[in-house]
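Visitor: attaching a predicted model along with its sequence, questions to come.
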Amino acid sequence: MTERADDETGMTERTGDVRTADALRFLERFAVIMSNAGYPRMAARVLAALLIADDGRRTAGELADVLQVGPSAVSGAVKYLMRVGMVTRERDPGERRDHYRVDQAAWYRAAASSDEVFRRFEEGARDGAEVLGTDTPAGARMDETRRFFAFLRSEVPQLLHKWNELNAQPAERSGDSARSGS
């Protein structure tokens, strides 16, 4: 099977393979998952397009081509993704075009920064439980909410530590460990 690089997805295409079409279908499926989780639709599509690129980066023009959208749609999506720390902008020496790259540590940082959000939910739920009284159904729900976010705050740092250990292992060993649950 022969290979050629730089098809419209920015991935290596194997002649006779359906990788490009499959990758584009995956891009849209993954964008829907992210959109359902709260990401703006175009930002989700741009991030997915970056994720499926072999080198994890594209220019604004390449993004517009892959996604079949106008430059303004890409511009707004990239600004959003940069603001939330999912994408970085870089420029190669001597080039005039910016490249946008998936920030490899973005998911980790998002999980690590969740403590502040969880703390606010925990404190708000504590206030609600005090106002409503834990002897009422509504107050009991608020207290359960408080306990849930307190639990998350205690567990996420341990999970992140475990991830760092797992991620430091060679790829084949870490994949086996993740599947075995250890």
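Guide: Right, received. Where do you want to start?
Visitor: can you show me the helices along this protein?
Guide: For the chain, the helices defined by DSSP state H cover 19-36, 41-52, 60-67, 71-83, 106-112, 114-132, 137-168, 171-180.
Visitor: now these in TSV, with mean pLDDT and distance to residue 94?
Guide: All C-beta spots, glycine's among them, are computed from the backbone N, C-alpha and C. Shown next, in TSV, are the helices of the chain (pLDDT from 0 to 100; distance: least, C-beta to C-beta, whole Å):
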stretch	mean pLDDT	distance to residue 94
helix 19-36	91	30
helix 41-52	95	23
helix 60-67	94	18
helix 71-83	94	22
helix 106-112	86	28
helix 114-132	94	40
helix 137-168	94	34
helix 171-180	51	33
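Visitor: closest to residue 93 out of these?
Guide: Closest approach to residue 93 among the helices of the chain (C-beta to C-beta): helix 60-67, 19.0 Å.
Visitor: quick check: residue 99 touching residue 78?
Guide: No. Counting by C-beta atoms under 8 Å, residue 99 stays clear of residue 78, with 10.8 Å between them.
Visitor: what sits in contact with each of those two?
Guide: Common contacts of residue 99 and residue 78 (C-beta atoms under 8 Å, 6 or more residues apart in numbering): residue 89.
Visitor: between the helices of the chain, which gets nearest to residue 91?
Guide: Among the helices of the chain, helix 60-67 comes nearest to residue 91, with 12.1 Å by C-beta to C-beta.
Visitor: measure how the closest one sits relative to helix 71-83, angle-wise.
Guide: Compare the direction of helix 60-67 with that of helix 71-83 by axes from the mean of the first three to the mean of the last three C-alpha atoms, to 10 degrees and you get 110 degrees.
Visitor: quick one: residues in contact with helix 60-67.
Guide: Contacting residues not belonging to helix 60-67 are listed as 8-10, 24, 27, 42, 45-46, 49-50, 58, 70-71, 73-75, 78, 97-98, 100 [C-beta under 8 Å, 6+ apart].
Visitor: circling back: neighbour count winner among residue 99 and residue 78?
Guide: residue 78 (23 against 19; other C-beta atoms under 10 Å).
Visitor: what distance do you get for the more buried one to residue 32?
Guide: For residue 78, the distance to residue 32 (C-beta to C-beta, to the nearest Å) stands at 20 Å.
Visitor: quick one: contacts for the residue nearest the centre of the chain?
Guide: Residue closest to the mean C-alpha point of the chain, counted by C-alpha atoms, centre = their mean, is residue 107 at 5.4 Å. With contact set as C-beta under 8 Å, 6+ apart, residue 107 has no partners.
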